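> Okay, here's the prediction I keep looking at, along with the sequence it came from:
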Amino acid sequence: MKDKICSFFILLPFIWLSTGMLILKNGDKTMVAMVIISIIATLYSYGTSSIKQNLSNKMLWIVSLITIYGLFSYAYHGLSSTEIRTVISSLLLIAIFPRQVITRKSIAYFALVGAIISTVMIWYWSQHLGLNRGYWPINAIPFSTLVASFTLICLIMAITETNKSLKAIMLIGFIVGCGGLILGETRGVWLGFLCSLIIFTIFWMKDNYQPRYWLYILSVILVMGATIFVFKPELEQRILQTQNEYAAIESGNLCTSIGLRLQLWKASAILIEDHLFIGLGDNHIKKFNELYKDGRISQCLYNLKPAHYHNQYIDKLVKNGVIGLALFLLLLLAPLWLCHKGHYTKYITISLCTLLAIASLTDVPFNHGQTLFIFMVYVCLLHFKPSKQSI
């Protein structure tokens with residue numbers, strides 16, 4: 001009983017990611033408390049043995065470099081408090097968390113709960129309350145990224161699992177999550193999700209090819225097709241909106257959602273002209289206002305008053321310079337080379353890295369505490385070869 005209670009407290013970050021983080025507006029702040037509780041429980045149960053074990057995790061050292069540069073940026077010219085808080089918390093969790101506590105089955109159930117709760121919340125906000133995406137308690141874009149992440153893990157667990165009952169349950173989680181994705185109406189996440197499915201399928205077939213696996217692929221396609229059919233009105237509405245935005249851009253109107261992004265990316269090239277190495281930090285706001293006074297950006301773009309540049313790569317370059325961008329790319333790409341090649345967590349790593357890399361083209365998932373936490377926990381913490389006692 002004592003061991004089970006300790007395991008519960010150690011697993012609180014995973015539990016919170018799949019529950020409270022998806023319900024509470026500031027769930028990422030509460031996540032810090034969950035990490036602290038997990039660390040205390042770990043030190044009580046395992047002492048420093050887990051720290052010694054985790055020193056072999058190369059992602060620990062990469063996250064350490066990012067934390068050091070983040071602290072420098074925070075002190076020198078400003079950095080998002082959410083980002084620095086999440087990075088520090090994640091660093092401590094990666095350094096201390098005992099991997100043997102997390103099991104394959106627990107990962108499956110965490111993903112299942114996450115997919116169901118996130119879909120229910122999207123339905124509640126968008127359909128039951130009738131709220132526009134811009135008025136959801138949690139930003140719609142990172143929230144949809146969370147839905148996609150849990151949905152992908154559900155699919156991976158369904159395909160790699162040998163237990164037929166658990167396989168069926170995880171497939172249900174995948175179906176539910178697909179519905180939530182469509183209701184979320186986030187185009188960048190849709191693209192990232194589809195790319196992740198394709199990349200996962202390629203790697204899975206390459207590693208485990210059997211003719212009967214084509215039936216699995218056909219089944220997934222049919223499931224997604226049925227889900228799309230059920231939510232056809234919502235999908236058609238988003239497609240029509242996209243067509244209207246492209247038509248507006250062609251007519252010279254760049255004050256649409258897509259048009260504003262194009263203007264932001266163009267303005268960013270001007271912003272970094274004299275601050276390429278370490279970026280502007282919080283001073284990007286002042287520089288942005290100067291561009292408006294000089295007549296170099298439009299009125300509608302100025303009215304937007306962007307906190308970020310709707311592209312993670314550009315945003316890193318503007319705020320943190322070439323150094324920040326290089327560290328970000330290292331964080332995103334290193335797990336692909338470091339993951340354990342013969343383990344199912346490899347597919348989680350590949351899928352989530354692909355999802356977030358594509359989503360980063362039109363949003364800043366690594367600026368949001370929720371999506372940064374899920375990357376740190378499900379990629380950086382679980383990516384490399386586990387010990388004999390762990391997953």
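Perfect, thanks for sending it. Numbers count the residues shown, from 1 in each chain.
> Not counting the helix or strand hosting K29 itself, show me its contacts.
Using DSSP states H and E, K29 sits within helix 27-46. Contact partners of helix 27-46, identified using C-beta atoms under 8 Å, 6 or more residues apart in numbering, comprise 3, 6, 9-13, 15-17, 20-21, 24, 50, 82, 85-86, 89-90, 92-93, 96-98, 138, 368-370, 373. Glycine gets a C-beta too; all of them are placed from N, C-alpha and C.
> repeat that for 7 Å
For helix 27-46, the surrounding residues in contact (C-beta atoms under 7 Å, 6 or more residues apart in numbering) are 6, 9-10, 12-13, 16, 20-21, 24, 50, 82, 85-86, 89, 92-93, 96-98, 369-370, 373.
> low-scoring stretches of the stretch 1-150 of the chain, by residue?
Applying pLDDT under 70 to the stretch 1-150 of the chain flags residues 1.
> need the helices for it, in chain order.
Taking DSSP state H, counting those that start in this stretch as the test, the helices found in the stretch 1-150 of the chain are 2-10, 12-18, 27-46, 49-54, 58-76, 81-96, 104-123, 140-160.
> Repeat that for the stretch 151-300 of the chain.
Ranges of helices in the stretch 151-300 of the chain, per DSSP H, counting those that start in this stretch, are 164-184, 187-208, 213-230, 232-250, 257-271, 284-293, 299-304.
> So which of the ones you listed is the most surrounded?
Ranked by mean neighbour count, the helices of the stretch 151-300 of the chain are led by helix 164-184 with a mean of 20 (mean count of other C-beta atoms under 10 Å).
> And it, what does it pack against?
With contacts taken as 3 or more C-beta pairs under 7 Å, 6 or more residues apart in numbering; DSSP states H and E, helix 164-184 sits against helix 104-123, helix 140-160, helix 187-208, helix 213-230, helix 232-250.
> does P306 count as helix, strand or coil?
Three-state call for P306 (DSSP: H, G, I helix; E, B strand; the rest coil): coil.
> mind listing what the residue nearest to it when sequence neighbours are not counted touches?
Among residues not flanking P306 along the chain, L264 sits closest, at 6.1 Å (C-beta to C-beta, 6 or more residues apart in numbering). Neighbour list for L264: L301, P306, Y309, H310 [criterion: C-beta under 7 Å, 6+ apart].
> any idea how far L264 lies from T42?
42 Å (C-beta to C-beta, to the nearest Å).
> and what of L301?
48 Å.
> ok, so of the contacts of L264, who is nearest I66?
Y309 (19.3 Å; C-beta to C-beta).
> quick one: that closest one and V318 touch, right?
Yes. Counting by C-beta atoms under 7 Å, Y309 touches V318, with 5.9 Å between them.
> Give the residues shared as contacts by the two.
With C-beta under 7 Å, 6+ apart, Y309 and V318 have common neighbours S268.
> So for stretch 296-305, mean pLDDT?
In this model, stretch 296-305 has an average pLDDT of 87.
> contact partners of it?
L254, C255, L260, Q263, L264, A267, I270, L291, Y292.
> What strand or helix carries the spatially closest residue to H284 that is not a sequence neighbour?
Nearest non-adjacent residue to H284, counting by C-beta to C-beta, 6+ apart: V318, 5.4 Å away. Secondary-structure assignment from DSSP H and E places V318 in helix 312-338.
> Only alpha carbons, please: show the helix or strand following that helix as PDB.
As assigned by DSSP H and E, the chain's next helix or strand after helix 312-338 is helix 345-359. This file holds the C-alpha atoms of helix 345-359, laid out as PDB (Å, rounded to 0.1, in the frame of the first residue of the first chain):
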ATOM      1  CA  THR A 345       8.500   4.800 -27.300                       C
ATOM      2  CA  LYS A 346      10.500   5.400 -30.500                       C
ATOM      3  CA  TYR A 347       7.200   5.800 -32.400                       C
ATOM      4  CA  ILE A 348       5.800   8.200 -29.700                       C
ATOM      5  CA  THR A 349       9.000  10.300 -30.100                       C
ATOM      6  CA  ILE A 350       8.800  10.400 -33.900                       C
ATOM      7  CA  SER A 351       5.100  11.100 -34.000                       C
ATOM      8  CA  LEU A 352       5.200  13.900 -31.400                       C
ATOM      9  CA  CYS A 353       8.300  15.500 -32.800                       C
ATOM     10  CA  THR A 354       6.700  15.500 -36.300                       C
ATOM     11  CA  LEU A 355       3.400  16.900 -34.900                       C
ATOM     12  CA  LEU A 356       5.100  19.800 -33.100                       C
ATOM     13  CA  ALA A 357       7.600  20.500 -35.900                       C
ATOM     14  CA  ILE A 358       4.700  21.000 -38.400                       C
ATOM     15  CA  ALA A 359       2.500  22.800 -35.800                       C
END
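> the inter-axis angle of helix 345-359 versus helix 187-208?
Per axes from the mean of the first three to the mean of the last three C-alpha atoms, to 10 degrees, the angle that helix 345-359 makes with helix 187-208 is 150 degrees.
> Counting by contacts, list what the following helix or strand past helix 345-359 packs against.
Using DSSP H and E, the next helix or strand after helix 345-359 towards the C-terminus is helix 369-375. Where contact means 3+ C-beta pairs under 7 Å, 6+ apart, helix 369-375 is packed against helix 27-46, helix 81-96, helix 140-160.
> Now helix 369-375: average pLDDT?
Per-residue pLDDT over helix 369-375 has a mean of 94.
> contacts for it?
17, 21, 27-28, 31, 82-83, 86, 90, 142, 145-146, 149, 352, 356, 365-366.
> Next: stretch 239-250.
For stretch 239-250, the surrounding residues in contact (C-beta under 7 Å, 6+ apart) are R187, T256, S257, I258, G259.
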